[in-house]
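Student: just a sequence and a predicted model for now, questions to come.
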Amino acid sequence: MEIYYGADYYPEHWPEERWEEDARLMQEMGLNVVRMAEFSWTKMEPRMGEFHFEWLEQAINLLAEHGIKTVLGTPTATPPAWIVEQNPEIFPVDSHGIRRGFGGRHHDCQSNITYRAHIRRFVTAMAEYFKDNKHVIGWQIDNEFGNSHGDLCMCPSCTASFQAWLKQKYGDIDTLNREWGNCFWSQDYGKFEQIPSPKLTVTGQNPSAMLDWKRFCSDLIVEFQQFQIDIIRNICPDKFITHNFMGFADKVNYFDLAKNLDFISHDQYPGLFLAQPPKQPEDFLSASLDLMRGTKGKSFWIMEQQAGITGWEFMGRSPKPGQLSMWAMHSIAHGADAVVFFRWRTCTVGTEQYWHGILPHSGNPGRRYEELKSLIHKTQPLMKALQGSIPHSEVGIVFSYDQEYAFRIQPHHPDFDYVQHLMRYYNAFYQKNIPIDFLADTGDFSKYKLLIAPLQYLMNPELEVKYKEYVKNGGNLVLTMRTGVKNMNNVCMSDCELPGGLSELTGLEVLDYDCLRNTNILVDWDGQTFTAEKWSDIINVTTADVLARYESEYYASAPAVTVNTYGHGKAYYVASEPTDEMAAYFADVLHKGLNLLSFGETPSGVEITHRKQGNHTYIFVINHNDTEQTVSIPDDWKPVFDGQGDSLSPFGVDVYKV
């Protein structure tokens, strides 16, 4: 049975006599999968060892009668009150040393062995109960790892786990002291047991310690997920296992989290719960989807796709007619094989009373139901054809959680943001409808004509060699300011000028730099004046050619953008953060010079992307605007749906096959 569209369903929130009507409406709508139970621990185990899965089995079997399969979530993000009453030590502790309490979700310490014992007991029982149910097709581990855990957990259990993690990494305390530079401020440790979790200090934190803490937190989440994966794989080897990621969230390294999942899922909410702005820019939404696809380099599921107004304490804008369908198709265009809408019916109780679903509080089908029903019936044949396909991209952007962690610890400029910096480059190509992949620095560089590697702040010899080999073999590499500044332990390099071991590759040296506080810098490029911001590397070229020069400040006329031939390829260096206009000009230079795959120019807010399936390419023309737009369609693009043409309706999505 192919799975294309579904909903997140919470039968425990509604009377049993309503379930049949929900199943009937789902079937009529065209849904064929639900995710259930990821927050239902108390209903399944109201007291220690007293399991009640019958209600869930009843819901699963009822839905199956209407052609609907089930993905089960392990409810480990919501340990029940009886567990925390019995074992209050599982509550997480924040950086102020305050133990958080009950009443929300994710109120758990993931390293705590007592909590792990509860999880092992419960997940084993749940998996054993449903292992032979043919209507259960897969499992979701927990829910949105890292959500709500930004400042957690620093309890004694996590501190001891951190110390053990450090001992495994460094071996002995003298090595750790040396690698962290603990001679500064008399921070040397005599034993691993003296090392704290990074609670609030009087002033400052050791950046090396903070980077390892962030890595430890990520590894802990990966290991916590694997703990549950091992239980389920042993009992239910024929079921898939996934987890719902959250785009650019940075608590956990998603490349690591994705490795042992059958496929990743993602939660996509274009409408924010804040009043302003009413929605996220479409380039950031597209980038989020592309990053999710990049975590495994394959298609994925949307486990939560916005289905109505978002909001907890505050609410966002109501999606306009056609907007929900467009957002769903947007996810599909970037690689989603299945779209599960959150949620089926808007809940009347709890924190998410105003996070709206397909059905309103009343449960009566309305505009959102009819719109999505029409979309589903129209696109099911297309979804079947797309399964497993992904875009073909000639441009790759290197995304690194280590680099992001390092810049969160020391952002340099008050307004500097790692993801925002990457988006300068992403958006420049996105606006030209040039397909883009995200990949880890451990990924395969050779697949790309052009590789953009912004802010390679932390560097090691192996990665230096990898970049050199890529360019030497004919690749085109873009490096930027703050490259090669530190080693992987967040300690500044001192054996040569920046960018260190990449000086030969780039053909330059960085002799000084300037943090552009309360000012910008002007850049002359081919007689045009652009603005750059936040930072200036002041460089001296050795073998590189100068493409653009600074036009202001005391280092006016110094190189701002360079290119160096290295082997059969070229290495570019951008010494400041470009504004959108400068980034667009650079992207145009690269596009024309490298003849990059592009789907052409379109009006603002109109995106063209694609998925490649064998010898066929499916091209999506997406109008993010609430006004009609005109796009010139080539003659060899064959329309998939009737009525397609050069005119694109508000929030319209046309699909073509080549």
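Tutor: Structure received. Residues are numbered from 1 along each chain as shown.
Student: ranges for the strands of the stretch 201-350 of the chain?
Tutor: 240-242, 244-245, 265-268, 300-306, 336-342 (DSSP state E, counting those that start in this stretch).
Student: from the rest of the structure, what touches the helix or strand where residue 586 lies?
Tutor: Using DSSP states H and E, residue 586 maps to helix 580-594. By Cβ atoms under 8 Å, 6 or more residues apart in numbering, the list of residues contacting helix 580-594 from outside reads 394, 424-425, 427-429, 431-432, 434, 449-450, 476, 478, 523, 525, 528, 530-532, 547, 561, 574, 578, 596, 598. All C-beta atoms are positioned from the backbone trio N, CA, C, and that covers glycine.
Student: excluding chain neighbours, what is closest to residue 385?
Tutor: For residue 385, ignoring the flanking residues on the chain, the nearest one in space by Cβ to Cβ, 6 or more residues apart in numbering is residue 613 at 6.5 Å.
Student: so who does that neighbour touch?
Tutor: 385-386, 388-389.
Student: find the centremost residue of this protein, please.
Tutor: residue 247 (2.3 Å; Cα atoms, centre = their mean).
Student: picking that back up, quick one: which of the contacts of helix 580-594 sit in strands?
Tutor: Members of the contacts of helix 580-594 lying in strands (criterion: DSSP state E): 450, 476, 478, 523, 525, 528, 530-532, 547, 561, 574, 578.
Student: about what we covered before: neighbour count added to the contacts of residue 613, as JSON lines?
Tutor: Compiled in JSON lines, the contacts of residue 613 are given as follows (neighbours: other Cβ atoms under 10 Å):
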{"residue": "385", "neighbour count": "14"}
{"residue": "386", "neighbour count": "22"}
{"residue": "388", "neighbour count": "11"}
{"residue": "389", "neighbour count": "19"}
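Student: and which of those is nearest to residue 109?
Tutor: residue 388 (38.3 Å; Cβ to Cβ).
Student: from residue 308, how far out is that closest one?
Tutor: Note on residue 388: its distance to residue 308, by Cβ to Cβ, to the nearest Å, is 30 Å.
Student: the ones in strands among the contacts of helix 580-594 into JSON lines, with extra columns for neighbour count, pLDDT and distance to residue 11?
Tutor: JSON lines is the format used below for those (neighbours: other Cβ atoms under 10 Å; pLDDT from 0 to 100; distance: Cβ to Cβ, whole Å):
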{"residue": "450", "neighbour count": "24", "pLDDT": "99", "distance to residue 11": "49"}
{"residue": "476", "neighbour count": "21", "pLDDT": "99", "distance to residue 11": "54"}
{"residue": "478", "neighbour count": "23", "pLDDT": "99", "distance to residue 11": "51"}
{"residue": "523", "neighbour count": "26", "pLDDT": "98", "distance to residue 11": "59"}
{"residue": "525", "neighbour count": "18", "pLDDT": "98", "distance to residue 11": "60"}
{"residue": "528", "neighbour count": "11", "pLDDT": "98", "distance to residue 11": "61"}
{"residue": "530", "neighbour count": "23", "pLDDT": "98", "distance to residue 11": "57"}
{"residue": "531", "neighbour count": "16", "pLDDT": "98", "distance to residue 11": "56"}
{"residue": "532", "neighbour count": "26", "pLDDT": "98", "distance to residue 11": "55"}
{"residue": "547", "neighbour count": "18", "pLDDT": "98", "distance to residue 11": "61"}
{"residue": "561", "neighbour count": "28", "pLDDT": "98", "distance to residue 11": "58"}
{"residue": "574", "neighbour count": "26", "pLDDT": "99", "distance to residue 11": "54"}
{"residue": "578", "neighbour count": "27", "pLDDT": "98", "distance to residue 11": "51"}
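Student: farthest pair in those residues?
Tutor: 476 and 531 (25.1 Å).
Student: can you tell me the element residue 505 falls in?
Tutor: In the assignment (DSSP H and E), residue 505 maps to helix 503-506.
Student: does residue 372 touch residue 29 like I think?
Tutor: Yes. Judged on Cβ atoms under 8 Å, residue 372 makes contact with residue 29 at a distance of 6.8 Å.
Student: joint contacts of these two?
Tutor: residue 358.
Student: any idea which of the strands of the stretch 201-350 of the chain gets closest to residue 491?
Tutor: strand 244-245 (31.2 Å).
Student: paired strands for the closest one, with orientation please.
Tutor: strand 265-268 (parallel) (DSSP bridges).
Student: list the contacts of the strand it pairs with.
Tutor: 140, 144, 242-247, 285, 288-289, 292, 300-306, 327, 331, 336, 340, 342.
Student: now do it, average pLDDT.
Tutor: Mean pLDDT, computed over strand 265-268, is 98.
Student: how about it as PDB, C-alpha atoms only?
Tutor: C-alpha atoms of strand 265-268 as PDB (Å, rounded to 0.1, in the frame of the first residue of the first chain):
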ATOM      1  CA  SER A 265      10.600  13.000   8.700                       C
ATOM      2  CA  HIS A 266      10.200  16.800   9.100                       C
ATOM      3  CA  ASP A 267       7.800  19.200  10.700                       C
ATOM      4  CA  GLN A 268       7.000  22.100   8.300                       C
END
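Student: domain parsing of this structure, as residue ranges.
Tutor: 5-149+219-386, 395-594, 606-657 (automatic domain parsing).
Student: about what we covered before: which of the contacts of strand 265-268 are buried?
Tutor: 140, 144, 242-247, 285, 288-289, 292, 300-306, 327, 331, 336, 340, 342 (16 or more other Cβ atoms under 10 Å).
Student: which parts of the stretch 351-500 of the chain are helices?
Tutor: 367-386, 401-409, 418-430, 461-472 (DSSP state H, counting those that start in this stretch).
Student: dump those helices to TSV, plus mean pLDDT and distance to residue 455.
Tutor: TSV is the format used below for the helices of the stretch 351-500 of the chain (pLDDT from 0 to 100; distance: least, Cβ to Cβ, whole Å):
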stretch	mean pLDDT	distance to residue 455
helix 367-386	98	34
helix 401-409	98	5
helix 418-430	98	6
helix 461-472	98	13
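Student: ranking the ones you listed by burial, who's on top?
Tutor: Sort these by mean neighbour count, taking mean count of other Cβ atoms under 10 Å, and helix 418-430 sits at the top with a mean of 22.
Student: quick one on the thing from earlier: would TSV of the helices of the stretch 351-500 of the chain with distance to residue 217 be doable?
Tutor: Shown next, in TSV, are these (distance: least, Cβ to Cβ, whole Å):
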stretch	distance to residue 217
helix 367-386	36
helix 401-409	10
helix 418-430	17
helix 461-472	23
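Student: ok, the residue nearest to the centre of the chain to residue 356 distance?
Tutor: 20 Å.
Student: mean confidence (pLDDT) on the biggest helix by length in the chain, please.
Tutor: Taking DSSP state H as the criterion, the chain has its longest helix at helix 207-235. Mean pLDDT, helix 207-235: 98.
Student: so which elements touch that helix?
Tutor: helix 113-130, helix 156-170, helix 173-180, strand 240-242, helix 254-258, helix 401-409 (3 or more Cβ pairs under 8 Å, 6 or more residues apart in numbering; DSSP states H and E).
Student: which residues sit against the third one?
Tutor: Counting by Cβ under 8 Å, 6+ apart, the neighbours of helix 173-180 from elsewhere in the structure are 166, 170, 182-183, 187-192, 195, 206, 208-209, 212, 489, 491.
Student: 10 Å instead, please
Tutor: The contact list for helix 173-180, computed with Cβ atoms under 10 Å, 6 or more residues apart in numbering, reads 166-167, 169-170, 172, 182-183, 187-195, 206-209, 211-212, 487-491.
Student: show me what contacts the residue nearest to the centre of the chain?
Tutor: Residue 247 makes contact with 254, 266-269, 280, 284-285, 287-292, 419 under the criterion Cβ under 10 Å, 6+ apart.
Student: check residue 629 too.
Tutor: Counting by Cβ under 10 Å, 6+ apart, residue 629 has contacts 602-606, 621, 623, 646-650, 652.
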